[in-house]
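# I'll drop the sequence and a predicted model, then ask my questions.
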Amino acid sequence: MNTIQLALLILLAAGAAASCPPPPSQVQLPNATASGYVPIDDKGSQLFFLFYEAQSRAPDDPKRAASRRAHAPITLWLQGGPGCASLFGAFYELGPDLVDGELGLQPNPGAWNRKSALLFIDQPVGAGFSLPGKERSIPKDEMTLAADLYCGLQAFFQRYPDLQAHPLVIAGESYAGKYVPSIGHFILQQTAGKGPLAALSRLLLLPLLASVMAHADTAYFQGYIDPHQRVRAMTMQLEVVQLIAAGRWEEAHGLRSGLLEHIRSSAGAATLLDMGRCVYEDYDAGKLVDCYLNLPEVQEALGVAPGLRFESCSDEVGEALGPDVMKTVKHLVPDLLAAYPMLLYQGRGPGSCMRDAQDGAASSEAWIYAVDWEGRAAFSGAKRRILRAMDMEEGEEEEEEGLAGEGAWNVGSAGATASSAEEAGVGDAQLLLGGGGAAAAASVRPQRQLQVTAAVASSLDRSIQRSGSRQQTAERQQTDDRQQRQDGGGPALGRRDASAQRVVAYWKQGGGLTHVVLTEAGHMVPRDAPLEARWVLEQWLAAVLPPQPSIP
């Protein structure tokens, strides 16, 4: 059995209603590698899947392109809700093609299948195109949901046995912050050297969910509520916690909804998920994804069961899982951290604005530091570092010019380590973002602490020499901003440091855990910051996955 790895990823979602625009005369069909249903029980229940193989960055070299696809990880994407379909994420956030306003498809410049295959599964049964069988109800708890998804994954990899050798990354968004650790822990318990999943190397990408006790302070210290409104919010928080302790889950869920509405209305906000919105509307307010996936030509091409109507988010599934919303899965995290590398990521918002005031960084960090695991001290004591746009640009240039080693997952490891190596010194910087070929061999225990080696340092030197000094780059950015102001466009958006370099993200790593906060994203990170989100993911995979075999 291959060494087990795991990676946790999670993000955030929403929904609304609108009439559909007229369909085009020639409907563009999804260019998926495979799609259809996998059985999960003997009652006829089925989960719908959509699969895209990894893109090739070397189209002119068939041998190298085939090798990249053959060793690419598979990222399983789970949408949140509860009750939202993963196909929504495929056509609105991170898939290779996104639905436009005319129900056509446009290439997604931030598609996540650049270096990873993508597997979208609508779950639980009742969500999206997935079907419950006879005498089968919608799951009402995380363990039942995880068991169903596990059966679906088993069936998928049995159908496509050649994919069993690929690393599996389990990722998600919003409420999938509960789905991902639940299925990750279920797999950890079940795969004792048997079944198709036992042969997989695994990673988990975990979305961050808010701590109930942090809602009031998050809003208050951002200036969204005043002291009196804060006191009321804190009182409601305590009542929610008391209801949770008493096991009164539905009441706790209802009161928390009231707490969030109190904060939203007090702040005069359209939605706590994105404080920058002027009027309340959900992501994909026009329901364009629903409209597209309900076109008969599209459903026929995907192999959808007859007579189904797609909804991005199912109220029926949401209601069934309502009592489960306030139940924690935090107790699963220590076991996962003991077995797998884990990435927690979320958006923050540009400048001084916290776009996601419901599940943003402040409320999420409250529970991160409360988790008790062996690497807790290492993570708590680790230095928080800065990722700048220049680091991304240097890394992309390095790969385009062929300087990244073919034997590594290298996605520009030098660029990612530039600012941190400069701040801490190459010899003592412990990095999870970046590292590429410097990554140690995979192991379950102990978790890897990656060091910047001389090879990475020399690659860093090449990157800096090629792009010029940081000061020169800062001067170019300042000149561009001045020109924008003269043209009436205003300065470029985004947070910048003292040298006018655009800050992309903050990240911290220790004890096998990596936490990344992207500065220009809100609730839906892949939608709000597509290039940055994908780059962070690829950098992390480059560090935690074994090197690819060299191509002669």
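Received the coordinates, thanks.

# for this protein, which spans come out with low pLDDT?
1-18, 56-69, 191-211, 273-282, 349-363, 400-500, 548-552 (pLDDT under 70).

# what ranges does it have for its strands?
8-11, 34-39, 46-52, 74-78, 97-99, 105-107, 117-122, 168-173, 202-207, 342-347, 385-388, 503-510, 513-518 (DSSP state E).

# would you format these as a markdown table with distance to Val325 and mean neighbour count included?
Glycine gets a C-beta too; all of them are placed from N, C-alpha and C. Listed next are the strands of the chain as a markdown table, based on distance: least, CB to CB, whole Å; neighbours: other CB atoms under 10 Å:
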| stretch | distance to Val325 | mean neighbour count |
| --- | --- | --- |
| strand 8-11 | 15 | 31 |
| strand 34-39 | 27 | 17 |
| strand 46-52 | 22 | 25 |
| strand 74-78 | 16 | 28 |
| strand 97-99 | 29 | 22 |
| strand 105-107 | 34 | 13 |
| strand 117-122 | 19 | 26 |
| strand 168-173 | 15 | 30 |
| strand 202-207 | 14 | 30 |
| strand 342-347 | 19 | 28 |
| strand 385-388 | 33 | 22 |
| strand 503-510 | 28 | 22 |
| strand 513-518 | 24 | 26 |
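
# could you report the neighbour count for Gly110?
Residues within reach of Gly110, counting by other CB atoms under 10 Å, total 17.

# wait, what's in contact with the residue lying closest to it once chain neighbours are set aside?
Distances taken as CB to CB, 6 or more residues apart in numbering place Pro530 nearest to Gly110, at 2.3 Å, with adjacent residues excluded. Pro530 makes contact with 93-94, 108-110, according to CB atoms under 8 Å, 6 or more residues apart in numbering.

# same question for Phe120.
49-51, 76-77, 86-87, 89-90, 95.

# I'd like the distance between the residue nearest to Pro107 when sequence neighbours are not counted and Ala338.
Spatially, and ignoring its direct neighbours in sequence, Pro107 is nearest to Asp97 (6.2 Å; CB to CB, 6+ apart). Counting by CB to CB, to the nearest Å, the gap from Asp97 to Ala338 is 39 Å.

# now swap in Thr75 and tell me
Per CB to CB, Thr75 is found 22 Å from Ala338.

# next one: Met392
Counting by CB to CB, the gap from Met392 to Ala338 is 32 Å.

# what's the answer for Ala127, then?
Using CB to CB, one gets 31 Å for the distance from Ala127 to Ala338.

# out of these two, which sits in the busier spot?
Between Ala127 and Ala338, counted using other CB under 10 Å, Ala127 has the larger neighbour count: 29 against 16.

# so the more buried one is in contact with Val317, correct?
Yes. Using CB atoms under 8 Å, Ala127 makes contact with Val317 at a distance of 5.1 Å.

# what sits in contact with each of the two?
81, 83.

# returning to what we had before: which one of the contacts of Pro530 sits closest to Ala378?
Leu94 (30.7 Å; CB to CB).

# contacts only, for the closest one.
By CB under 8 Å, 6+ apart, the contact set of Leu94 is 77, 108, 110-112, 118, 526, 530, 533-534.

# how about the residues you listed in a markdown table, adding distance to Asp217?
Formatted as a markdown table, the contacts of Leu94 follow (distance: CB to CB, whole Å):
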| residue | distance to Asp217 |
| --- | --- |
| Trp77 | 32 |
| Asn108 | 36 |
| Gly110 | 32 |
| Ala111 | 37 |
| Trp112 | 33 |
| Leu118 | 37 |
| Pro526 | 28 |
| Pro530 | 31 |
| Ala533 | 27 |
| Arg534 | 32 |
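
# next, check the residues you listed against the helices and list the overlap.
Here DSSP state H is the test, and the contacts of Leu94 give 526, 530, 533-534 as lying in helices.

# ok, Arg388 touching Thr519?
No. Using CB under 8 Å, Arg388 is not in contact with Thr519; the gap is 10.2 Å.

# which residues do these two both contact?
Shared contacts of Arg388 and Thr519, defined by CB under 8 Å, 6+ apart, are found at 503-504.

# list the buried ones in stretch 145-161?
Judged by neighbour count using 16 or more other CB atoms under 10 Å, the buried positions of stretch 145-161 are 145-157, 160.

# for Ser35, see how far away Arg232 is.
In this structure, Arg232 and Ser35 are 49 Å apart, going by CB to CB.

# got it, and Gln190?
Gln190 is 26 Å from Ser35, by CB to CB.

# same check, this time on Trp249
In this view, Trp249 and Ser35 are 35 Å apart by CB to CB.

# do Gln123 as well
15 Å.

# could you do Glu261 as well?
Glu261 is 39 Å from Ser35, by CB to CB.

# with Glu93 instead?
From Glu93 to Ser35 the distance is 18 Å (CB to CB).

# same check on Pro296?
Pro296 is 15 Å from Ser35, by CB to CB.

# what's the answer for Asp141, then?
Counting by CB to CB, the gap from Asp141 to Ser35 is 28 Å.

# what do you get for Pro109?
The spacing between Pro109 and Ser35, counted by CB to CB, is 23 Å.

# now Leu321
In terms of CB to CB, Leu321 sits 25 Å off from Ser35.

# next up, the contacts around Pro526.
By CB under 8 Å, 6+ apart, the contact list for Pro526 reads 11, 89, 93-94, 110, 112, 173, 533-534.

# now with 7 Å?
11, 93-94, 110, 112, 533 (CB atoms under 7 Å, 6 or more residues apart in numbering).

# re the thing from before, just the buried residues of stretch 145-161 now: which is nearest Val240?
Val240 has its nearest neighbour among these in Leu145, at 23.1 Å by CB to CB.

# which residues are in contact with the closest one?
Residues in contact with Leu145, defined by CB under 7 Å, 6+ apart, are 123-124, 139, 179, 182.

# let's have these in JSON lines, adding distance to Pro21.
As requested, the contacts of Leu145 are exported to JSON lines (distance: CB to CB, whole Å):
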{"residue": "Gln123", "distance to Pro21": "29"}
{"residue": "Pro124", "distance to Pro21": "31"}
{"residue": "Pro139", "distance to Pro21": "35"}
{"residue": "Tyr179", "distance to Pro21": "32"}
{"residue": "Ser182", "distance to Pro21": "38"}
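
# what distance do you get for the nearest residue to Tyr224 once chain neighbours are set aside to Ala233?
Leaving out its chain neighbours, the residue that sits closest to Tyr224 by CB to CB, 6+ apart is Ala267, at 3.8 Å. Distance, Ala267 to Ala233, by CB to CB: 11 Å.

# how about Gly126?
34 Å.
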